[in-house]
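> Below: sequence and its predicted model.
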Amino acid sequence: MSDLYYSDYIELDTILNSQHPRSFEKPEDGNDEMLFIIIHQAYELWFKQIIFELDLVRHIFLKDRINENSPDMSNVIHKLKRIVKILELLNQQVSVLETMTALDFLEFRNYLLPASGFQSKQFRLIEAKLGLKMEERHKREYYKHTRRGSLSESDLQEVNRAESESTLKQLIVKWLERMPFFDERYWVDYESASKADADKFWSDYRAIYQGGLSDTEGGRLAEFDKVFFTEGRGDLSPKAMQAALFITLYRDLPIFQLPFELLNTLSEIDELLSNWRYRHFSMVRRMIGIRAGTGGTSGAGYLEGTLSQHYAFREVTELATFLIERSKLPGLPGVLKEKVSFSV
């Protein structure tokens with residue numbers, strides 16, 4: 001058997017022969033269409049890697065129980081941190097595309113019709129696997145059909161299948177709801193400052209939170225009660241919201257350090273995707289003004305609308321609304337401290 005050769009291993013010839021500009025034939029007559037194609041091919045390759053990492057993370061969370069002392073949580077965070085780095089790179093790649101001017105783009109724009117980045121199946125799969133719901137999308141009427149400029153029937157079916165599977169967000173919610181640290185047996189020796197008979201910790205925390213509200217934040221206490229006791233927030237139940245806040249508050253305790261890193265990384269992913277959408281929106285507005293997109297959307301107007309709506313983990317990021325000063329945190333009972341210290 002002959003030795004494996006570098007270009008054969010990564011199928012380099014296939015990759016390098018996959019750019020076929022439509023606006024010119026001879027390289028010496030070329031314009032920026034080659035750059036446009038290569039940038040978008042690079043995006044799609046990185047999207048493929050993000051999907052690969054997301055599926056590995058989802059596979060771990062599909063377990064009935066994640067052992068905090070096992071490599072599971074470290075592997076999850078490692079994979080999600082890799083996604084963060086990829087998204088940082090994607091944001092940087094926009095700068096390369098921005099070397100193309102509006103007039104440069106017009107040289108070949110009409111050759112693209114009706115193809116559009118809106119037809120990126122892989123980006124839709126990323127959003128679906130993260131947990132972005134269809135009803136929460138801006139201009140959701142754009143999505144669920146196969147009109148000219150939208151997804152093909154087979155791509156739409158694949159996205160539909162992904163949306164019917166357990167999303168990362170759904171799995172995170174189930175994981176949070178399984179947190180055992182509010183079991184009464186851990187709080188037997190807890191001395192409540194509020195002298196409450198039930199939910200002693202949360203009664204104390206609520207009182208401290210109320211004491212830190214300004215005169216203009218009168219409605220926050222009612223919101224606190226709704227989020228943590230009755231309705232939850234978004235897709236997170238009150239039980240999940242309590243667990244997420246508890247992890248955030250006591251993140252310095254050994255057993256909560258990795259869970260907090262997980263929650264923080266989910267917020268990072270949301271933020272970087274938002275940054276990428278903003279960079280894309282700004283570039284499109286500079287390139288085509290307020291003209292319609294090549295795929296038939298409203299162009300920059302559509303992209304601007306996604307900035308405020310397309311968040312998968314908004315509830316996690318907005319936990320900051322309900323924090324108190326570290327110095328005022330209620331002390332935890334000894335039984336619970338022992339439980340969260342990795343004692344055997």
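Now that the structure is in, tell me what you want to look at.
> For Phe47, list the residues it contacts.
Ser120, Gln122, Phe123, Leu125, Ile126 (C-beta atoms under 8 Å, 6 or more residues apart in numbering). Just so you know, the C-beta spots here come from the backbone N, C-alpha and C atoms, and that holds for glycine as well.
> again, only this time at 10 Å
Counting by C-beta atoms under 10 Å, 6 or more residues apart in numbering, Phe47 makes contact with Ile86, Leu90, Ser120, Lys121, Gln122, Phe123, Arg124, Leu125, Ile126.
> what do you get for Pro238?
Pro238 is in contact with Glu177, Asp225, Lys226, Val227, Phe228, Phe229, Thr230, Glu231, Gly232, counting by C-beta under 10 Å, 6+ apart.
> can you list the weak-confidence ranges in the chain?
Applying pLDDT under 70 to the chain picks out residues 68-69, 134-147, 196-198, 290-309, 342-344.
> residue at max distance from the center of it?
Residue farthest from the centre of the chain, counting by C-alpha atoms, centre = their mean, is Met1 at 45.3 Å.
> So which residues of the stretch 101-250 of the chain form helices?
For the stretch 101-250 of the chain, the helices defined by DSSP state H, counting those that start in this stretch cover 102-106, 121-130, 153-164, 168-177, 200-211, 220-225, 238-249.
> Let me know which of those helices is the nearest to Ile324.
helix 200-211 (5.1 Å; C-beta to C-beta).
> Quick check: which helices or strands does the closest one pack against?
Where contact means 3 or more C-beta pairs under 10 Å, 6 or more residues apart in numbering; DSSP states H and E, helix 200-211 is packed against helix 220-225, helix 238-249.
> that older thread, in the contacts of Pro238, find the pair that's most separated.
So, the contacts of Pro238 by C-beta to C-beta: farthest apart are Glu177 and Asp225, at 19.2 Å.
> still on that earlier bit, for the residue farthest from the centre of the chain, what are its contacts?
By C-beta under 10 Å, 6+ apart, no residues touch Met1.
> cool, and Tyr190?
Glu184, Lys200, Phe201, Asp204, Pro330, Gly331, Leu332, Pro333, Gly334, Val335, Leu336.
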